[in-house]
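Asks: next comes the sequence, and after it the predicted model I'd like to discuss.
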Amino acid sequence: MIDVRLLRIDPDGVRVSLARRYKPELLEQLDVAIALDVQARQISTRRDDIRAKVNELSKAVGLAKRSGDEAAAEAAQAESRELGAEEHALGAQADDVQNELREVLLRIPNLPHPDAPDGGGDHENPLVKGPIQMPESFADHRRVPHWETAAELGILDSERATKIAASMFTMQRGAGASLARALCQLALDRNADVFEEVRPPTMVSTSTLTATGHLPKFADDAYAIERDDLWMIPTAEVPLTSMYAGEVVDESQLPLRLMAYTSCYRREAGSAGRDTRGMLRSHEFDKVEILALATPEQSPALLTELVDRAEGTIASLGLPYRIIEICTGDMGQSHHRSFDIEVYAPGCDAWLEVSSISWFADYQARRADIRFRRAGQKGTEIAHTLNGSALAVPRVWAAIVENFREPDGSVIIPDVLRPYMRGLERITA
RNA sequence: GGAACGGUGGCAGAGCGGACAAAUGCAGCCGCCUUGAAAGCGGCCGGCUCGAAAGGGCCCGGGGGUUCGAAUCCCUCCCGUUCCGCCA
């Protein structure tokens, strides 16, 4: 959520900033929010005045009764009773307007960082690094889609996954399953030096899914367990961000670095029929997420740190990759600034997004009510959150199968993964 | 799922219709003492919100109600602990 106070202090600044997202309807919503805020304050000021009077009268009743002046007490009671009705009505009105304002505010996206590149869509995302480890050319034996190679090697069984669950679910078998797990262990081990490993719930409450910005606007993208009022997480970002919801942490504890290996569940509501083959898009996949809770001052360096961490893992696998920055028109709702790491998959001839690293400023923390206290200072401040995928399994899995395919159809396992795969060097049929 | 007891400030914990933003202790901050520290002593010490300020309002798990007045009484939901049941 953006800060309502910003709407009052600098509405034009907010307008200009939001305009960079290239969604004209946002500016209309903004005007609605500003109007509601004015209205809400007017009503609650009036209600507060009446309440003050009621409080005063109530005190007078107490005093009068104690001094035995029944007549005065009754007069004050009568007056207070009348005011009470008015206060009640105004209170209800104020609540309504405030709820309405909150509903609108929850759907207004974050303001882009001034340095975030301007652009109307993903075609305008600038390249900031790479390609790295990109060969001059790819031999024909590497131009085979991973689902074909995987079928020959018997390491992917999408038919049975569909039978067991539904379409767009995948199942890895044998060395394919080991490879998926090895990738997670690699990512965890590479970040365990400073990130605390967490095994969070993968089903969360409505308020938890709201804190990260996934609700209310993107309810269709998440799996709901309506009977128990729970949601399946689309990413470990969701539970990790809310770990400190409603808490005030000490500045000395920041930055807090957390990581988690979880399954992620996505309905992929808008993508039916897209990427139905192989491992490019799936309703359930594994991912290692890294996340930081920080002060505003710490945030920029942490953003770089998270990008470096994600990049380092991809580089260690020897995959060709590049880094792009997400432009204002393509950024997610909660994002303040955002980078993607893409791996090249020669078989599909596509750049696959394998990691997304984002800085949310105080947008999520305000929703989650995560604050910190500066040493020796009064009051609290909203914290900053940042997170990124340390490694998302399916697309990296696919990229490995395509990039490291040998002429004989086998797949070479990257060195760094072998210790996690019982020393396996090559997947053969 | 059933029963009992609970949910109060950063933490612990009193209060159970009016003078309560809330005792007390711990932690924290400032000062005195001290070569320095500890102990001791004195003082300060919750959050949110409206307002230029003065000042006002809200917050004792959430919501609703009773009352002139609710942390305190009633209803309801949520969460926790213990016991029983069930279960990996």
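Replies: Happy to help now that I have it. Numbers count the residues shown, from 1 in each chain, chains lettered A, B, ... in the order given.
Asks: next up, the contacts around A:A398.
Replies: Residues near A:A398 by Cβ atoms under 8 Å, 6 or more residues apart in numbering: A:H146, A:G278, A:M279, A:L280, A:A345, A:G347, A:C348, A:L352. C-beta coordinates here come from the backbone N, C-alpha and C atoms, glycine included.
Asks: confirm it sits in a helix?
Replies: Yes: residue state for A:A398 (DSSP: H, G, I helix; E, B strand; the rest coil) corresponds to a helix.
Asks: can you count the residues close to the closest residue to A:S80 other than its chain neighbours?
Replies: Leaving aside its chain neighbours, A:S80 sits nearest to A:L57 (4.1 Å; criterion: Cβ to Cβ, 6 or more residues apart in numbering). Around A:L57 there are 19 other residues, counting by other Cβ atoms under 10 Å.
Asks: name the element A:L57 belongs to?
Replies: Assigned by DSSP states H and E, A:L57 belongs to helix A:24-66.
Asks: ok, back up a step: of the contacts of A:A398, closest to A:V128?
Replies: Closest approach between the contacts of A:A398 and A:V128, by Cβ to Cβ: A:L352, at 17.4 Å.
Asks: which residues touch the closest one?
Replies: A:L352 neighbours (Cβ under 8 Å, 6+ apart): A:L280, A:E342, A:V343, A:Y344, A:A345, A:R395, A:A398, A:A399.
Asks: turn these into a markdown table, including secondary structure and pLDDT.
Replies: Formatted as a markdown table, these follow (DSSP: H, G, I helix; E, B strand; the rest coil; pLDDT from 0 to 100):
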| residue | secondary structure | pLDDT |
| --- | --- | --- |
| A:L280 | coil | 91 |
| A:E342 | strand | 97 |
| A:V343 | strand | 97 |
| A:Y344 | strand | 97 |
| A:A345 | strand | 96 |
| A:R395 | helix | 96 |
| A:A398 | helix | 97 |
| A:A399 | helix | 97 |
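Asks: just the closest of these to RNA strand B, please.
Replies: Each of the contacts of A:L352 was scored against RNA strand B by Cβ to the nearest atom of the strand, and A:R395 proved nearest at 30.9 Å.
Asks: the closest one reaches A:M279, doesn't it?
Replies: Yes: between A:R395 and A:M279 there is a contact at 6.7 Å, judged by Cβ atoms under 8 Å.
Asks: rewinding a little: so the residue nearest to A:S80 touches A:E79, yeah?
Replies: Yes: between A:L57 and A:E79 there is a contact under Cβ under 8 Å: 5.9 Å.
Asks: which residue packs closest to A:S316, ignoring adjacent ones?
Replies: Leaving out its chain neighbours, the residue that sits closest to A:S316 by Cβ to Cβ, 6+ apart is A:V416, at 5.0 Å.
Asks: what of A:I34?
Replies: A:L7 (5.2 Å).
Asks: what about A:L215, which SS state?
Replies: Following three-state DSSP, A:L215 is assigned to coil.
Asks: surely it touches A:L209?
Replies: Yes: counting by Cβ under 8 Å, A:L215 does reach A:L209; the two are 4.7 Å apart.
Asks: which residues are in contact with both of those two?
Replies: Both A:L215 and A:L209 are contacted by A:A222, A:W231, under the criterion Cβ under 8 Å, 6+ apart.
Asks: among the two, which residue is more densely surrounded?
Replies: Set side by side, A:L215 and A:L209 show more neighbours around A:L209, with 24 against 19, by other Cβ under 10 Å.
Asks: what residues of stretch A:4-22 count as buried?
Replies: A:V4, A:L7, A:V14, A:S17, A:L18, A:R20, A:R21, A:Y22 (16 or more other Cβ atoms under 10 Å).
Asks: tell me which of the residues you listed fall in helices.
Replies: Judged by DSSP state H, helices contain the following of the buried residues of stretch A:4-22: A:V4, A:L7, A:V14, A:S17, A:L18.
Asks: alpha carbons only: can I get the helix or strand harbouring A:D286 in PDB?
Replies: Using DSSP H and E, A:D286 sits in strand A:284-294. Extracted as PDB, the C-alpha positions of strand A:284-294 are listed here (Å, rounded to 0.1, in the frame of the first residue of the first chain):
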ATOM      1  CA  GLU A 284       3.100 -26.600  -9.000                       C
ATOM      2  CA  PHE A 285       6.900 -26.100  -8.900                       C
ATOM      3  CA  ASP A 286       9.700 -25.900  -6.400                       C
ATOM      4  CA  LYS A 287      11.700 -22.800  -5.700                       C
ATOM      5  CA  VAL A 288      14.300 -21.400  -3.300                       C
ATOM      6  CA  GLU A 289      13.400 -17.900  -2.300                       C
ATOM      7  CA  ILE A 290      15.700 -15.400  -0.600                       C
ATOM      8  CA  LEU A 291      14.300 -12.400   1.200                       C
ATOM      9  CA  ALA A 292      15.400  -9.400   3.200                       C
ATOM     10  CA  LEU A 293      13.800  -7.200   5.800                       C
ATOM     11  CA  ALA A 294      15.700  -4.000   6.000                       C
END
